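Trainee: Have a look at this fold, sequence not included:
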């Protein structure tokens, strides 16, 4: 589902209806002008000044922007949702406001780390950015990595994983008929995260980073590798080396209810935990391609092959948050922001996060549920038929006679044509094609509205 811009701004918690209205206008315009800077998008100084005033307003916070869309999602009973957690780095070194920011991996590298929680349905189609947490470091803390190792967990940077999972677990505890699955990569392999008390309708799938010991002092990776293959199957995966999709031939082993040896913590008491372990290994990977090798820890019940298979499919959707980060940085260009104040930068990144999620949802919804009515994404029939008329006049395009009720699948196909999509290369337009097409579509709409408003004297 794609959240309505009207619903988002009307639900905003800025404490001032005028600010809410301005938020809605900014969100609508920027959504159609991905890749363009604020001055290039708005052009006239009064409009540009209005955007900067919004971002600098003390009533506007990044938390309020994110919650304006995360609090209006509709949770369906008896449905499964995925909360995908990950951290990204926004490098603002050398920019106008860099001197006001903390550092990243070294003292002169300025910017933010951002921990995001992307909520999707069970097909991996984005619903919203549920949570967003900013932080950076001080120069004094950079050389104290060993000392930080022995700090209580709530004083460590890794505590952001636990906070994010706790927050969304609490939200879903009000919907006991729905199921939530938290998905984390290897950075989320934290013993405190595994040993948390989860509500009955919440689970986790975490890629193992640490070859932990069992109560019998055996290593879990060695144990699961020694098991015989449970089943084999094929899955379509997105390869990060070639940036293309390919078919992977996977073998699956698993180990149920393994009791892990509690992690030693100098300042904290940690309880023992039982986990299910899934080992996914790719056979006969293409030459030069690093084969898939996933060791997954999960609390999901795994009794039959179909449950194992479904858990692996759910984890394969983890890369959706990488797509979100790509749109945020490469599409919306948040690393090119030249705002001076730290809070203004956070507000702008949160604003672009909402836009990035909506753009991403459009792409995946057009693939997973292409018959969704067009009105769900806020495109009017007038705008849709204007687009058809333009394409008919300027391209070898004819409207299919069976299209009476336009859908999101029809619309993204047309936007893909504007963005330069070639069907013989891929069936669906990619995310870069979509944002290029949306920018072109917005330019055409402005011209159309201007010409329509002209009157003969």
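Mentor: Perfect, thanks for sending it. Source: prediction; values computed, not measured.
Trainee: Show me what the longest strand along the chain is packed against.
Mentor: Scanning the chain for the strand with the most residues, using DSSP state E, yields strand 244-260. Applying 3 or more Cβ pairs under 8 Å, 6 or more residues apart in numbering; DSSP states H and E, one finds that strand 244-260 contacts helix 220-225, strand 231-239, strand 273-283, helix 305-316. Any C-beta I mention is one placed from the backbone N, CA and C, and that applies to glycine too.
Trainee: partner strands of the second one, parallel or antiparallel?
Mentor: When pairs are called by DSSP bridges, strand 231-239 turns out to pair with strand 244-260 (antiparallel).
Trainee: Distance check, the residue nearest in space to the middle of the chain against residue 59.
Mentor: Residue closest to the average C-alpha location in the chain (Cα atoms, centre = their mean): residue 321, at 3.6 Å. Remark: distance between residue 321 and residue 59 (Cβ to Cβ, to the nearest Å) = 30 Å.
Trainee: re the thing from before, buried set for the longest strand of the chain?
Mentor: Neighbour-count burial for strand 244-260, with 16 or more other Cβ atoms under 10 Å as criterion, is recorded at 248, 250, 252, 253, 254, 255, 258, 260.
Trainee: Then stretch 9-27?
Mentor: Buried residues in stretch 9-27, defined by neighbour count with 16+ other Cβ under 10 Å: 9, 11, 12, 14, 19, 20, 22, 23, 24, 26, 27.
Trainee: Contacts only, for the third one.
Mentor: If you count contacts by Cβ atoms under 8 Å, 6 or more residues apart in numbering, residue 12 has them with 19, 20, 23, 24, 64, 65, 68.
Trainee: picking that back up, looking at the buried residues of strand 244-260, which one is closest to residue 392?
Mentor: The nearest member of these to residue 392, counting by Cβ to Cβ, is residue 248 at 41.3 Å.
Trainee: Would you check that the closest one makes contact with residue 238?
Mentor: No. Look at residue 248 against residue 238 with Cβ atoms under 8 Å: they stay out of range, at 10.3 Å.
Trainee: Narrow the buried residues of stretch 9-27 to those in strands?
Mentor: Per DSSP E, the subset of those in strands is empty.
Trainee: Cross these against helices and list the overlap.
Mentor: Of these, the ones assigned to helices by DSSP state H are 9, 19, 20, 22, 23, 24, 26, 27.
Trainee: from memory residue 131 sits against residue 69, does it?
Mentor: No. Look at residue 131 against residue 69 with Cβ under 8 Å: they stay out of range, at 11.5 Å.
Trainee: returning to what we had before: just say which of the helices and strands packed on strand 244-260 is most tucked in.
Mentor: Most buried of those by mean neighbour count (mean count of other Cβ atoms under 10 Å) is strand 273-283; its value is a mean of 20.
Trainee: before we move on, back to that, where does the residue nearest to the centre of the chain land in three-state SS?
Mentor: helix (DSSP: H, G, I helix; E, B strand; the rest coil).
Trainee: ok, it - contacts?
Mentor: Residue 321 touches 84, 85, 86, 116, 118, counting by Cβ under 8 Å, 6+ apart.
Trainee: just to revisit the earlier point, wait, which of the buried residues of stretch 9-27 is closest to residue 310?
Mentor: After measuring these against residue 310 - Cβ to Cβ - the closest member comes out as residue 11, at 33.2 Å.
Trainee: Retrieve the pLDDT associated with that closest one.
Mentor: Here, the pLDDT recorded for residue 11 equals 88.
Trainee: end-to-end on stretch 143-162?
Mentor: Counting by Cα to Cα, to the nearest Å, you get 24 Å between the two ends of stretch 143-162.
Trainee: chain center to that stretch, what's the gap?
Mentor: When distances are taken as Cα atoms, centre = their mean, to the nearest Å, stretch 143-162 is centred 25 Å away from the chain's centroid.
Trainee: Next, the buried residues of that stretch.
Mentor: Applying 16+ other Cβ under 10 Å to stretch 143-162 flags 151, 153, 156, 159, 160, 161, 162 as buried.
Trainee: Also stretch 389-396?
Mentor: Buried residues in stretch 389-396 (16+ other Cβ under 10 Å): 390, 391.
Trainee: what number of residues lie near residue 73?
Mentor: Residue 73 has 14 neighbours, counted by other Cβ atoms under 10 Å.
Trainee: which SS state does it fall under?
Mentor: Strictly by three-state DSSP, residue 73 counts as coil.
Trainee: Could I get the contacting residues of it?
Mentor: Going by Cβ under 8 Å, 6+ apart, residue 73 touches 1, 3, 119, 127, 128, 130.
Trainee: repeat that for 10 Å
Mentor: Each residue near residue 73 by Cβ atoms under 10 Å, 6 or more residues apart in numbering is listed here: 1, 3, 81, 119, 127, 128, 130, 171.
Trainee: And it, its phi and psi?
Mentor: Main-chain dihedrals, residue 73, degrees, to the nearest 10: phi -70, psi 150.
Trainee: so how far is residue 175 from it?
Mentor: 11 Å.
Trainee: go on, residue 261?
Mentor: 35 Å.
Trainee: Quick check: pLDDT value at residue 346.
Mentor: On pLDDT, residue 346 comes in at 96.
Trainee: Skip the chain neighbours and tell me the closest residue to it.
Mentor: residue 62 (4.1 Å; Cβ to Cβ, 6 or more residues apart in numbering).
Trainee: Point out where the stretch 201-350 of the chain drops to low pLDDT.
Mentor: Along the stretch 201-350 of the chain, the parts satisfying pLDDT under 70 run over 239-244, 264-268.
Trainee: Domain map for this structure?
Mentor: Following automatic domain parsing, one gets these domains for the chain: 5-363, 370-453.
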